[in-house]
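Student: Build me a structure from this.
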Amino acid sequence: MPQDVVKPAPAEQTLGLVAIGRNEGERLKACLNSAIAQVPIAHIVYVDSSSTDDSVTWATDLGITVLTLDLSIPFTAARARNTGYKYLCTEYPQLTFIQFLDGDCQLAPDWCTTALATLVMYPDVAVVCGRRREKSPEQSVYNLLCDMEWDTPIGEALACGGDALMRISALQQVGGYRDSLIAGEEPELCLRLRRNHWRILRIDADMTWHDAQITQFSQWWQRTVRAGHAYAEGAWLHGAPPERHWVQESLRSWIWGFILPITLLATLPGSQGWSLAGGVVYVLLAAKICWTQHSKHSWSASATYALFCVLGKLPEAQGQLQFHWYRIAGRTQQIVEYK
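Tutor: Numbers count the residues shown, from 1 in each chain. Have a look, this model is predicted:
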């Protein structure tokens, strides 16, 4: 059990913030301004992944330290976060906690104070996360899906997302994020933290407002391909017992998104079309998901969520195939962007 009990101290003495982004435009301005409202500006660093807009200029004009990633190595959010927190630890060794913030998110008022108090209260907790909300869920069905996806259970959790407040000693103990991951880097980090007896807490508090701006089906498809890749690589790295990290998720992608559709189509001629009746299992799956979601959302939203969960097995399977294709070929896959 970790024993580095942290004595309460003013947030301004112990808290740093790492924001990451690439071509986030107005979203980055809102992100950094929300950070300045809660964290001393000297303790904020923005890590830019080769933006072609004015992100670097905006951050610099605000007085925030800007770091740019080395262009000779493929970009990943994991590498950006590591670069930022290691810089802050070097420049401000008195820091004890780090808030990570994606460039398309804004901190909710008082989030840092609330999360910091939780970490101080529970010395065996490495990560505290709260409710990430979508800024404009009414803008598109895809934004609504994001908002519902982030409505995670309150209490001890297996993982956090991109925005979270972390204990630096825990982060250093496990070597930070895995630089090479292009997706799923937060659950992978949390798995290694839990192996070292740290806990992850999802508390009942608003954490960030996210601006997904997913308005096209193709954007949703790409985001889901990325999820499939994350499941595949997570299972490849940590699929052994006892965690069997993302093994079930990967199996579901293969079965529902690849094996079953191929089987139904392949048997179509011989069955004189009757094999299509096997598609009823997808209807049953959607009904099950809808029923589960209805405890927290309207029937309409739950049905929409269920429909896209079932449809999403196809791009998830694509993500699985792509990961293993690149792995077998010995090639490095680039990040999967959807904006």
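Student: can you give me the helices in the stretch 51-200 of the chain?
Tutor: Here the stretch 51-200 of the chain has its helices, by DSSP state H, counting those that start in this stretch, at 55-61, 77-91, 111-121, 141-149, 168-173, 185-195.
Student: in the last one, what's buried?
Tutor: This means helix 185-195. Neighbour counts over helix 185-195 (16 or more other Cβ atoms under 10 Å) mark 185, 186, 187, 188, 189, 190, 191, 192, 193, 194 as buried. In short, each C-beta sits where N, CA and C put it, glycine included.
Student: rewinding a little: tell me which of the helices of the stretch 51-200 of the chain lies nearest to residue 314.
Tutor: helix 141-149 (15.3 Å; Cβ to Cβ).
Student: average pLDDT for the closest one?
Tutor: Averaging pLDDT along helix 141-149 gives 96.
Student: export the helices of the stretch 51-200 of the chain to CSV and tack on distance to residue 327?
Tutor: What follows is the helices of the stretch 51-200 of the chain, written out as CSV (distance: least, Cβ to Cβ, whole Å):
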stretch, distance to residue 327
helix 55-61, 32
helix 77-91, 18
helix 111-121, 37
helix 141-149, 27
helix 168-173, 27
helix 185-195, 16
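Student: The ones you listed: which one's closest to residue 213?
Tutor: Ranking the helices of the stretch 51-200 of the chain by their distance to residue 213 (criterion: Cβ to Cβ) puts helix 141-149 first, at 7.5 Å.
Student: Could I get the CA-only coordinates of that closest one as CSV?
Tutor: Extracted in CSV, the C-alpha atoms of helix 141-149 (Å, rounded to 0.1, in the frame of the first residue of the first chain):
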residue,chain,number,x,y,z
VAL,A,141,-26.5,12.5,-32.4
TYR,A,142,-22.8,11.8,-32.3
ASN,A,143,-22.2,14.5,-29.7
LEU,A,144,-25.1,13.0,-27.7
LEU,A,145,-23.5,9.5,-27.9
CYS,A,146,-20.2,11.0,-26.5
ASP,A,147,-22.1,12.6,-23.6
MET,A,148,-23.8,9.3,-22.7
GLU,A,149,-20.6,7.4,-23.0
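Student: how about it: buried residues?
Tutor: Quick answer for helix 141-149 (16+ other Cβ under 10 Å): 141, 142, 143, 144, 145, 146, 147, 148.
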